Structures are given as C-alpha cells and as structure tokens.
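Colleague: Below are the sequence and a predicted model for it; my questions follow.
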Amino acid sequence: MNYTEFVHAVETMINQRKEGGLKATVYTAVKNNDTRRTGVILETPGINLSPTIYLEEFYESYLGGKTINEIVDELLETYEKIKKDESWDYEKIFDFQKVRERIVYRLVNTEKNEQMLQDVPHREILDLSLIYYVLLDASEKGTTAMLISDRHMDQWKTTEEILWSEADRNTRRLLMAECFTMQYAMSELLGAAGKEARREQNLLESEEKGEDKMYVLSNRARSNGAACMIYPYVLRMMGDILEEDFYILPSSIHEVILVPASAGISVAEMEKMVCEINETQVPEEEILGSHVYRYSRKNKTISMGGKAYQVKEETK
C-alpha cells in the first residue's frame with residue numbers, strides 16, 4: 001500500500017483497539033516552504049495533550065516487513081513516552097504573561113511561505129521573514145515549539161512590536177549561538193568530536209579565529225539556528241574575529257555558513273554551491289534560500305542584491 005493508504009490503515013487499527021478511549025485522526029499539516037506532512041493526531045479523554053505523530057519512519061518499517069499491528073504497537077509506545085516526558089502545561093498558552101519569556105523567532109524564506117505568512121505576525125528581512133514561536137522545549141535533540149498566529153496575537157491582545165521585543169531578548173538567551181570551523185562541524189556531525197571540546201571550539205566563546213575557510217553558525221540545539229545571523233552581537237563578533245567582511249550562505253533553516261571575503265570564492269560560485277546543496281542534501285521543508293548575503297563590518301549590515309538590513313547593535 002502507498003503512504004496515504006498506510007496512514008489510514010494505522011488510524012483504523014488504533015480506533016479499533018480503543019485503548020483507554022484513545023482516538024486517532026488523520027491530519028495533514030502545512031509545514032515550512034508550503035510542504036505537507038500527513039500523520040495522525042492522538043487524543044485521550046481527560047488528557048490535555050494531542051500530539052501529531054508523523055508516520056514516515058513507521059512506513060519505512062512497514063516496507064521493511066513489519067505488520068500494521070507491530071507498527072501500531074510501536075506508535076502507541078511512542079505516544080506513552082510523549083505523555084510521560086511532557087512537562088509543558090498547555091494551559092499557559094492562553095495567558096500571554098506565562099509565555100512571553102518563551103517567545104522566540106525563526107527565519108523562513110518569504111517567497112516559499114507566502115500562504116503561511118498571511119496568517120502569522122512577521123517582519124521581512126531581505127528575502128527572508130522572521131516568524132514567532134513559543135518555545136516549549138529545547139535540547140541537543142532539537143526543539144518543540146508552537147507557531148504564533150494572528151489568532152494568538154488577538155487572543156493575547158498584543159502586537160507584533162511586542163512579540164519582536166520579547167523574541168529579540170529571548171531567542172539569544174534560550175537558543176545561544178555557536179560558531180565553529182567547518183572542520184570541527186564535520187567532526188561533530190560524524191560523532192568524532194568530544195563534548196568537552198565544544199566550548200573550546202566555539203569561536204564566540206574563545207574569540208579565536210581558527211584555521212579554516214568556512215565556518216558554521218547555528219544554535220546549541222542545532223534547530224532553526226539560521227536565526228543566529230540576526231542576533232545583535234554575533235556577526236559583529238565574527239567580523240572582529242575574522243578581521244574582515246564575510247559572506248553568509250543559507251545552507252538550511254538550521255544553520256548558515258560564513259565565508260571570509262578573502263577566501264577568493266565568487267558570489268556566483270557560492271550561490272551555485274547553495275543551490276546544489278538544496279537540491280541534493282536538504283529536505284524541501286528545511287531549505288532557507290539560495291541567495292548569498294554579505295556582512296559589512298564597517299556598516300554593520302547584511303546585504304543582498306542591492307538591499308541592506310541594518311543589524312541591531314548591542315553588546316553581548
């Protein structure tokens with residue numbers, strides 16, 4: 001059976017079991033870059049938690065020979081783990097005072113998210129848009145967050161300016177920036193980098209240049225870390241460390257690559273590199289863009305195609 005048929009078969013099996021009143025409903029979510037993912041929402045009477053579990057990995061197991069019964073057993077184990085691990089009180093969502101210190105921002109591609117941006121507070125930064133979330137959880141495994149819509153903003157009786165003020169302060173506090181040489185980033189990806197060396201290798205902590213022609217900028221959670229490029233102090237610090245202007249390559253929504261201007265790589269070559277990475281290595285949902293930006297130490301600006309964004313100046 002194809003993926004759609006598989007999802008409906010899982011839904012039917014869960015509802016036939018009726019374990020503890022558990023109900024499954026097929027749900028298709030519109031994600032970043034107008035991509036769509038289909039999974040099941042699981043609801044149990046009396047429990048204020050209704051997670052959506054996407055089934056792509058379970059489908060791979062099915063194609064590998066597992067039965068629907070075995071798949072549902074695994075899915076229900078996942079659901080029980082979510083219930084056990086869940087520490088966030090979702091009632092807080094209705095009270096702005098209880099969530100304001102958890103409001104953060106992310107960067108997405110404006111053109112690829114035109115439909116979504118019609119319904120959420122945002123501000124444009126060159127060809128990107130900054131959108132707001134409530135950060136529910138963050139760890140080295142990733143983040144859990146709720147997108148803030150116009151509906152939430154109306155419910156809270158707040159404004160985009162207030163959201164920006166809160167997120168500007170919270171994002172760099174809750175999702176601290178880290179910048180490494182490409183060499184170290186690759187060793188970390190391959191599991192060859194020790195955790196004890198991470199702080200020493202973080203250029204924003206050591207303020208030492210490191211020997212490389214490319215640097216990877218993200219946050220500690222390695223989730224939606226491209227937003228670090230507009231943290232007030234990060235680009236200024238990197239400019240001081242590198243002692244020159246540099247280019248910013250949008251490798252994905254999770255990180256950007258910094259290339260010193262003296263590296264001798266043309267903008268055309270770098271944009272070709274980004275496009276190739278987008279086509280071959282980055283899931284559609286995680287693509288940030290294909291344009292290369294330049295940071296000016298003198299002007300404290302990020303520029304692209306004749307347009308410039310003034311980075312907010314502030315000490316760390």
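Modeller: Happy to help now that I have it.

Colleague: which element follows the helix or strand of the chain with the lowest mean pLDDT toward the C-terminus?
Modeller: Ranked by mean pLDDT, DSSP states H and E, the weakest helix or strand in the chain is helix 198-201, scoring a mean of 71. For helix 198-201, the following helix or strand on the C-terminal side (DSSP states H and E) is helix 203-206.

Colleague: Name the surrounding residues that touch the next helix or strand after that next one.
Modeller: The element immediately downstream of helix 203-206 (helix or strand, assigned by DSSP H and E) is strand 215-219. Outside strand 215-219, the residues within contact range by CB atoms under 8 Å, 6 or more residues apart in numbering are 175-182, 185, 203, 225-229, 234, 238, 251, 254-259. All C-beta spots, glycine's among them, are computed from the backbone N, C-alpha and C.

Colleague: Return the members of these classed as buried.
Modeller: For the contacts of strand 215-219, a neighbour count by 16 or more other CB atoms under 10 Å gives the buried set as 175, 177-182, 185, 203, 225-229, 234, 238, 251, 254-259.

Colleague: and stretch 44-57, which residues are buried?
Modeller: By neighbour count with 16+ other CB under 10 Å, stretch 44-57 contains the buried residues I53, L55.

Colleague: average pLDDT across the helix or strand hosting R37?
Modeller: Taking DSSP H and E as the definition, R37 sits inside strand 36-43. If you average the pLDDT over strand 36-43, you get 92.

Colleague: which other residues reach that strand?
Modeller: For strand 36-43, contacts defined as CB under 8 Å, 6+ apart pick out 3-4, 7, 10-11, 14, 22-31, 50-56, 75, 79, 285.

Colleague: Would you state the helices of the stretch 101-250 of the chain in chain order?
Modeller: In the stretch 101-250 of the chain, the segments counted as helices under DSSP state H, counting those that start in this stretch are 114-117, 150-156, 160-174, 182-189, 198-201, 203-206, 234-242.

Colleague: got the contact list for G305?
Modeller: Neighbours of G305 in contact, by CB under 8 Å, 6+ apart: H291.

Colleague: right, I mislabeled it, should have said L204
Modeller: With CB under 8 Å, 6+ apart, L204 has these contacts: A177, E178, C179, V234, M237, M238.

Colleague: For the longest helix seen in the chain, which outside residues touch it?
Modeller: Ranked by number of residues, the top helix in the chain under DSSP state H is helix 68-85. Outside of helix 68-85, the residues within contact range by CB under 8 Å, 6+ apart are 6, 9-10, 13-14, 17, 19, 22, 40, 42, 47, 49, 51, 53, 55, 58, 61-62.

Colleague: Next SSE downstream of that helix?
Modeller: Downstream of helix 68-85, the first helix or strand assigned by DSSP H and E is helix 96-99.

Colleague: Of all the residues in that next one, which ones are buried?
Modeller: Neighbour-count burial for helix 96-99, counted by 16+ other CB under 10 Å, picks out F96, V99.

Colleague: Tell me the gap between that helix and the middle of its chain.
Modeller: Averaging C-alpha positions (CA atoms, centre = their mean, to the nearest Å) puts helix 96-99 22 Å from its chain's average.

Colleague: Rounded mean pLDDT for it, please.
Modeller: Across helix 96-99, the average pLDDT comes to 94.

Colleague: again with stretch 3-16
Modeller: Mean pLDDT, computed over stretch 3-16, is 95.

Colleague: Leaving out chain neighbours, which residue sits closest to the residue nearest the centre of the chain?
Modeller: Taking CA atoms, centre = their mean, the centroid of the chain lies closest to N224, which sits 2.5 Å from it. Among residues not flanking N224 along the chain, R106 sits closest, at 4.4 Å (CB to CB, 6 or more residues apart in numbering).

Colleague: any idea of the pLDDT on that neighbour?
Modeller: Listed pLDDT for R106 reads 97.

Colleague: Do I have it right that N15 meets G21?
Modeller: No. The criterion here is CB atoms under 8 Å, and N15 misses it with G21 at 10.7 Å.

Colleague: between these two, which one's more packed in?
Modeller: The residue with more neighbours, out of N15 and G21, is N15; 13 against 10, by other CB atoms under 10 Å.

Colleague: Checking my notes, that one in a helix, right?
Modeller: Yes. Looking at N15 with DSSP: H, G, I helix; E, B strand; the rest coil, it is inside a helix.

Colleague: which residues sit in contact with it?
Modeller: By CB under 8 Å, 6+ apart, the contact set of N15 is K23, A24.

Colleague: what sits up against the biggest strand by length in the chain?
Modeller: Looking across the chain with DSSP state E, the single longest strand is strand 128-139. Contacting residues not belonging to strand 128-139 are listed as 87-88, 93, 99, 102-110, 113, 117, 120-124, 143-148, 163-164, 167, 170, 174-175, 220-221, 223, 227, 230, 288-289 [CB under 8 Å, 6+ apart].
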